[in-house]
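A.B. asks: Sharing a sequence plus its predicted fold:
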Amino acid sequence: MTPEEFRSAGHQLIDWIADYRSNLEQRPVRAQIEPGDIRRALAQTPPESPIGAEKLLAELEQKIVPGITQVQHPMHYGWFPSNASLASTLGDIASSGLGCLGISWESCPALTELEEVMCDWMRQLTGLSQNWEGCIQDTASTSCLTALLIARERASDYSENRGGLQAEDKPLIVYTTEEAHSSVVKAALLAGFGRNNLRMVSISADTRAMSAAALAQQIEADFAAGNLPCAIVASVGSTGVTAFDPIAEIVEIAAEHMIWVHVDAAMAGSAMLLPECRHLWDGVEQADSIAWNPHKWMGTILDCSLFYVRDVQHLVRVMSTNPSYLRSTVDEEVTQYRDWGIPLGRRFRALKLWYHLGIDGIDAIRARLRRDLENAQWFAQQVAATENWQVLAPVKLQTVCIRHQPPGLDGEALDRHTLAWVNTINQSGKAFMSPSQLDDRWMVRVSIGVEATTRAHLENLWQLIQTQANEVAGG
């Protein structure tokens with residue numbers, strides 16, 4: 001494809017995307033297909049000759065789009081907000097079009113230095129002190145794994161340079177809760193701690209937050225057993241119910257024993273753009289690492305996860321790689337982001353943040369977040385005020401956990417009722433919500449925060465939910 005052919009095809013694609021976003025509300029929220037439908041619709045052998053941009057665009061509309069669950073749809077309330085603002089999409093296009101190679105400062109100085117600036121802008125916008133330095137990872141899962149790797153090496157005095165964890169006398173222990181994201185367990189296993197050395201600390205029954213007292217007791221028990229407490233992964237806005245662990249208490253306990261504290265604020269980090277929400281992570285300045293995803297509620301298109309540490313020297317010592325072919329005369333003067341994480345190469349992700357902030361502006365982003373917070377409170381009030389409906393967890397941000405409980409229905413029968421009404425709505429394509437378990441019973445999470453979602457959409461959702469739940473109960 002020549003630049004002129006690219007220009008022509010690109011104009012067509014941009015026009016198609018603009019129309020697609022404009023008309024998104026007319027499409028079903030959930031993909032209306034069965035397993036294997038997309039594969040069967042596509043050619044089973046590769047083309048011998050070019051298909052052509054125009055035909056590919058037609059196939060994109062006819063064969064691919066039906067297999068997409070529309071997370072940008074204003075009636076999408078599943079999982080968590082995964083906004084992809086059009087402003088940041090332009091940055092993503094710019095990143096792809098430039099085709100940079102991000103393996104060292106020398107390979108693309110602008111990539112490194114814009115990332116430094118964007119991470120510092122976001123540090124300032126979330127109220128963090130100058131003690132923090134950051135980089136852009138792909139996801140909070142990668143950030144968590146990186147945090148546990150560097151925590152492991154601090155606790156073991158750099159065992160990687162000896163026999164690794166296999167040669168250590170004392171098992172290293174990681175602490176978190178059942179409310180933590182599933183990636184925390186995965187990271188602990190991949191980092192070599194082993195499931196037997198992962199502690200699920202008790203949580204408060206009402207807030208679902210980690211019990212600081214239980215954490216302290218568990219740490220003391222591990223010391224007494226000859227183990228070595230290594231890291232605590234604390235949730236700021238857990239995925240299930242948006243629980244907030246008591247960071248200030250946790251970092252105080254950790255400081256007594258030099259235990260690493262990683263703060264996972266993947267979705268809720270966006271709330272820290274609002275000064276009135278920052279009390280939710282009081283104590284964060286004494287943590288060791290933080291991760292949050294602008295590619296969720298804030299709306300910078302995937303993938304864009306911020307990872308901050310206070311001790312960059314330690315991070316680089318653990319993660320650095322310096323083959324001779326990457327060395328240059330300026331190595332002592334510049335940041336080498338290959339030493340801040342797992343991959344060698346990196347995309348020009350900072351362009352997405354730069355475009356998002358530069359075009360939409362932080363005031364508009366903050367106004368949208370405040371709108372979502374108000375809408376969540378309104379929705380929770382409607383549920384709580386309606387007979388046989390419950391709000392099951394404190395509504396700290398934009399997630400509302402609900403259950404319909406008709407008289408006389410409980411246990412497994414109640415579970416079947418809950419799954420029946422939410423799955424019927426999801427399959428209809430009219431709206432999408434995430435069923436989830438709380439204390440071994442099914443509930444429904446209504447995660448509010450899609451860029452296009454207004455109060456009118458929530459009013460529509462609440463009417464739809466009540467109608468469907470009552471129909472199931474009466475049927």
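C.D. replies: The structure has been received and is ready for your questions.
A.B. asks: mind listing the helices for the stretch 101-250 of the chain?
C.D. replies: For the stretch 101-250 of the chain, the helices defined by DSSP state H, counting those that start in this stretch cover 109-125, 140-155, 182-190, 212-224, 247-257.
A.B. asks: Quick one: closest of those to Gly299.
C.D. replies: helix 109-125 (13.3 Å; Cβ to Cβ). In this view, the C-beta of every residue, glycine as well, is placed from N, C-alpha and C.
A.B. asks: list the buried ones in the closest one?
C.D. replies: 111-112, 114-116, 118-119, 122-123, 125 (16 or more other Cβ atoms under 10 Å).
A.B. asks: So which elements touch that helix?
C.D. replies: Applying 3 or more Cβ pairs under 8 Å, 6 or more residues apart in numbering; DSSP states H and E, one finds that helix 109-125 contacts strand 133-137, strand 305-309, helix 350-359.
A.B. asks: need the ones you listed in JSON lines with distance to Val472, mean pLDDT and mean neighbour count, can you?
C.D. replies: Output for these, formatted as JSON lines (distance: least, Cβ to Cβ, whole Å; pLDDT from 0 to 100; neighbours: other Cβ atoms under 10 Å):
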{"stretch": "strand 133-137", "distance to Val472": "42", "mean pLDDT": "97", "mean neighbour count": "24"}
{"stretch": "strand 305-309", "distance to Val472": "39", "mean pLDDT": "98", "mean neighbour count": "25"}
{"stretch": "helix 350-359", "distance to Val472": "41", "mean pLDDT": "98", "mean neighbour count": "23"}
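A.B. asks: Could you list the domains of this structure?
C.D. replies: 3-68, 93-359, 364-474 (automatic domain parsing).
A.B. asks: most centrally placed residue in the protein?
C.D. replies: Ala266 (4.2 Å; Cα atoms, centre = their mean).
A.B. asks: Verify the stated contact: it with Pro294.
C.D. replies: No - the pair Ala266 / Pro294 is not scored as a contact, 10.3 Å apart, by Cβ atoms under 8 Å.
A.B. asks: Touching both of those two, which residues are there?
C.D. replies: By Cβ atoms under 8 Å, 6 or more residues apart in numbering, Ala266 and Pro294 have these common neighbours: Ser305.
A.B. asks: Just give me the neighbour total for the closest residue to Ser104 other than its chain neighbours.
C.D. replies: Spatial nearest neighbour of Ser104, chain neighbours left out: Leu326 (5.0 Å); criterion: Cβ to Cβ, 6 or more residues apart in numbering. Residues near Leu326, counting by other Cβ atoms under 10 Å, number 16.
A.B. asks: Leu326 reaches Gly102, doesn't it?
C.D. replies: No - the pair Leu326 and Gly102 does not pass the contact test of Cβ under 8 Å, sitting 11.7 Å apart.
A.B. asks: tell me the average confidence for the lengthiest helix in the chain?
C.D. replies: Counting by DSSP state H, the longest helix found in the chain is helix 362-384. In this model, helix 362-384 has a mean pLDDT of 98.
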